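1. Got a sequence here, can you model it:
(chains A and B)
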Amino acid sequence: MTIENQARTALATPQHGPLLSVRNLRTEFELRRWVFGRAGFVRAVDGVSFELKRGEAIAVVGESGCGKSSLAKTILGLYRPSQGEVFFEGKNLAGLNGRDMRWYRSEVGYVQQDPYGALPPFMPVRRILEEPLIINGVGSKTERERRIREVLEEVRLTPVADLLPKFPHMLSGGQQQRVVIARAMILRPKLLVADEPVSMLDASVRVEILELLRGLQRAHNLGVIYITHDLSSVRHFSERIFVMYAGKIIEKAEVRELIRNPLHPYTRALLAAIPDPDPENVHIFKPVPPGEPPSLLQPPAACRFHPRCPEFMKGLCDVEDPPDFEPVPGHFVMCWLYR
Amino acid sequence: MSPTPLLRVEDLRLYFGTTGGVVRAVDGVSFELEHNQALVILGESGCGKSSLARALLRLLPRNVQTYTGRVFVNGTDVMKLDDERFRREMRWTTISLVPQAAMNALNPVVKVGDQVAEPLMVHRGLEKEAGWQRAREMLQRVGLPADFLKRYPFELSGGMRQRTALAMALVAKPQLVVLDEPTSALDVLTQANIMNVLKEIRRELETSFILITHDVATSSELADRVAVMYAGQVVELSDAARFFGRPLHPYSQKLMDSVPRLREDKKLEFIPGEPPNLMNPPAGCRFAPRCSFRFERCDQEPPLIDSGDGRRVRCWLYDSTVSSSESRVSI
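-> A predicted model of the protein is given here:
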């Protein structure tokens, strides 16, 4: 399918309504014992629902193993959900055939965590960026060259002519990540999924890359799903924060609201644990909930946080799964405290 | 201040020979550390901070080209000790190291108890019984249950393994523990936990720490003093209070301004350009090509200049002999 065809498809779809709609999504991985035996399921994503508007950036925050990357990969269509649906511009991902899937992949850019691992080491930058264009049958050689130069300018990898023949190992970490972003942007997607885009980079480079992503989001009215464990960078680069714990989104709110008024006991603990550079920290012992995040193979019944929760209510939190409550308009929390 | 510092490092250099040339990873580093003090060595990847840890513990790879300078521990120049004596007298018992990714450095097929007790059995000549007893105490101190002694590292989570490595480094009661990025691979809550443990240990055991990290925010949890490294050199040495208030060196300032803060809305900065190649660092000030305060003087290499209030900074802006126009007014 060519870019022109895509444009037609895009015109045919209504521009109102959410860009992405995720409904009760569940992603499970089967653990096999020997060949046929089944050891159980790891439920990495467990009943996640949300909507993403055009041009909106959301951050999915959580600790390692909470399922945030599995959520990203399910949205990208790399994992098949075992339950629930993902709708992109009103189309159900599950119903897409091979050709439609290629269209979907051209509409959604993926920025991986480890830029060096994400770039083929044997391809020069020009080839890395040309591949998606060739696969999607875009234009002539000169048109492709023009688009490659345009996108490299956009991610500020200049002078472009110097960069084109280089191989990934010849670039710094920041430059590699820019190539990854350029590749994600080259087919003019409407949605960008960035999985820990800066966690491998130095502090002084991080801000530059995050600002670049923010700039692209605004210039192209992109929806962005920003997966991260770093809550303090999130406030500058997204509109809403989703906090994930053991496969569930336990709290959703606007950035400022969530940081100012965290409701879930887990979110509170997480925020309290994050230091700002301050010499006073030396004298302060941080309250940390006991224990570790649960195994997703056999998570605790009902509220997944109840064994570690300082507000644990016996007979409720360990018996019944808390639904989403909305104690403040637009601020959702899965916790019985707000019933 | 005690008369002899625990550690005094003078002009330490560690160069590696590679096919491409000589990499000057540690290039003339000097600092002091008092007893029961925590020094943070702050720097970004490739600045030489981990090489500095290796140089202090003399854990050197094969391709060392230059290893010079003086390292005084309690007044004795340990660079003069031969390798065998250094190993016997210094490692584990006087200085110990929690290496980077220590949680993956444990032997997966040796019980936690044996690994934690090993420094005692090897260096202090303790029997297994007594070694395990001390290991048990140390595990409890870092917040692990005593029955972990009989477990294997693969049964533990990352945070627990990190604590095990810490217990191992502390078990022979060294005066100085060097921690290389102790929390960088851990989650926020685990990180806060480990920092709590380190703070407690400092109060109880009076151990000195050198904390090597790239994480400005976390470093403020333990630091009494801060040394900032850039391109193999220390560019700023300061007490923590004033450093985290406002650092002096233009690089430190930019670094501080690039750290996102959770509780404060602040415009974030970044440093344009890349850190220099340590094979061929720029002549003069190594930060000059990226510095917004650059002036003619920066073509010469600045020494560590005393800023007048006990802080030291490798920047001509703080030299009292610099003439008026580009002087400290601009900072």
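2. what's the distance between the closest residue to chain B within the stretch 51-200 of chain A and residue B:165?
-> In the stretch 51-200 of chain A, the residue that lies nearest chain B is residue A:63 (4.0 Å; C-beta to the nearest C-beta). C-betas here are computed from N, CA, C, even on glycine. Note on residue A:63: its distance to residue B:165, by C-beta to C-beta, to the nearest Å, is 20 Å.
3. Pick out whichever of those two has more residues nearby.
-> Using other C-beta atoms under 10 Å in any protein chain shown, the more surrounded residue of residue A:63 and residue B:165 is residue B:165, with 25 against 19.
4. Output the longest helix belonging to chain B.
-> helix B:188-205 (DSSP state H).
5. What are the contacting residues of it?
-> Identification of contacts with helix B:188-205 by C-beta atoms under 8 Å, 6 or more residues apart in numbering or on different chains yields A:63, A:229, A:231, A:269-270, A:272-275, A:282, A:285-286, A:288-289, A:292, B:36, B:38, B:141-143, B:157-159, B:162-163, B:166, B:170, B:173, B:179, B:182-183, B:186, B:207, B:209, B:218, B:221-222.
6. Drop anything exposed from the residues you listed.
-> A:63, A:229, A:231, A:269-270, A:272-275, A:282, A:286, A:288-289, A:292, B:36, B:38, B:141-143, B:158-159, B:162-163, B:166, B:170, B:173, B:179, B:182-183, B:186, B:207, B:209, B:218, B:221-222 (16 or more other C-beta atoms under 10 Å in any protein chain shown).
7. which ones among these are found in helices?
-> Among the buried ones among the contacts of helix B:188-205, the ones falling in helices (DSSP H) are A:231, A:269-270, A:272-273, B:141, B:158-159, B:162-163, B:166, B:170, B:218.
8. With distance to residue B:288 and pLDDT as new columns, can those residues be given to me in a markdown table?
-> Output for these, formatted as a markdown table (distance: C-beta to C-beta, whole Å; pLDDT from 0 to 100):
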| residue | distance to residue B:288 | pLDDT |
| --- | --- | --- |
| A:231 | 35 | 87 |
| A:269 | 44 | 94 |
| A:270 | 41 | 93 |
| A:272 | 41 | 92 |
| A:273 | 38 | 92 |
| B:141 | 46 | 88 |
| B:158 | 40 | 84 |
| B:159 | 41 | 85 |
| B:162 | 38 | 89 |
| B:163 | 43 | 90 |
| B:166 | 39 | 92 |
| B:170 | 42 | 92 |
| B:218 | 29 | 92 |
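9. which residues does residue 64 contact?
-> No chain in the question, so chain A it is. Contacts of residue A:64 (C-beta under 8 Å, 6+ apart): A:229, B:187.
10. Sorry, I should have been clearer: chain B.
-> B:14-17.
11. For PyMOL, what selects the buried ones among those?
-> The PyMOL selection below is limited to those of the contacts of residue B:64 classed as buried (16+ other C-beta under 10 Å):
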select buried, chain B and resi 14+15+16
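12. Among the contacts of residue B:64, which one sits closest to residue B:93?
-> residue B:14 (23.1 Å; C-beta to C-beta).
13. thought that closest one was touching residue B:61?
-> No: in this structure, residue B:14 is not within contact of residue B:61 by C-beta atoms under 8 Å, at 9.9 Å.
14. shared neighbours of those two, anything?
-> residue B:54.
15. Looking at the stretch 1-150 of chain B, what residue ends up closest to chain A?
-> Nearest residue of the stretch 1-150 of chain B to chain A: residue B:44, at 4.1 Å (C-beta to the nearest C-beta).
16. ok, now how distant is that residue from residue A:173?
-> From residue B:44 to residue A:173 the distance is 10 Å (C-beta to C-beta).
17. Which neighbours do those two have in common?
-> With C-beta under 8 Å, 6+ apart as the test, residue B:44 and residue A:173 both reach residue A:202.
18. Quick check, pLDDT for residue A:167.
-> pLDDT for residue A:167: 95.
19. what about it, how many neighbours?
-> 15.
20. That one touches residue A:124, doesn't it?
-> Yes: using C-beta under 8 Å, residue A:167 is in contact with residue A:124, at 5.6 Å.
21. and residue A:114, how many neighbours?
-> When counting by other C-beta under 10 Å, one arrives at 15 neighbours for residue A:114.
22. How about it: what's its closest non-neighbour residue?
-> Nearest non-adjacent residue to residue A:114, counting by C-beta to C-beta, 6 or more residues apart in numbering or on different chains: residue A:200, 5.6 Å away.
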